[in-house]
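>>> could you work out the structure for the sequence below:
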Amino acid sequence: MRELAARLATGERGITGLMMESFIEAGAQAPAPSGLVYGKSVTDKCIDWPTTADLLRELAGSVRARRAL
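Just a heads-up that it's a prediction; the model follows:
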């Protein structure tokens, strides 16, 4: 994500989208009948919400920088 944000900020136009998987807690856990951690994915590894918010702010800044070129 940070690499893509840096490329956007320098004016690259070939990037039209990206995907990041986010949830309340970072990581993933195996599905189980009990003992699950609330807010942690049981499918793919995810980044946590505070990290997601930081990355989205960084990406928004990169888009603003590209638009200013």
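>>> which strands and helices sit next to whichever helix or strand Ala5 is part of?
For Ala5, the enclosing helix or strand under DSSP states H and E is helix 2-9. Applying 3 or more C-beta pairs under 8 Å, 6 or more residues apart in numbering; DSSP states H and E, one finds that helix 2-9 contacts helix 49-68. All C-beta spots, glycine's among them, are computed from the backbone N, C-alpha and C.
>>> the helix it packs on versus helix 2-9: what angle between them?
Per axes from the mean of the first three to the mean of the last three C-alpha atoms, to 10 degrees, the angle that helix 49-68 makes with helix 2-9 is 20 degrees.
>>> center of the protein, which residue is that?
Met20 (4.0 Å; C-alpha atoms, centre = their mean).
>>> I'd say Lys45 and Ala30 touch.
No. At 12.0 Å, Lys45 and Ala30 do not qualify as touching, with contact defined as C-beta atoms under 8 Å.
>>> any idea how far the spatially closest residue to Gln29 that is not a sequence neighbour is from Pro50?
Nearest residue to Gln29, sequence neighbours excluded (C-beta to C-beta, 6 or more residues apart in numbering): Lys40, at 5.0 Å. Counting by C-beta to C-beta, to the nearest Å, the separation of Lys40 from Pro50 is 14 Å.
>>> look at these two and report which has more neighbours.
Set Lys40 next to Pro50 and count neighbours by other C-beta atoms under 10 Å: Lys40 wins out with 16 against 10.
>>> show me what contacts the more buried one?
23-29, 46 (C-beta atoms under 8 Å, 6 or more residues apart in numbering).
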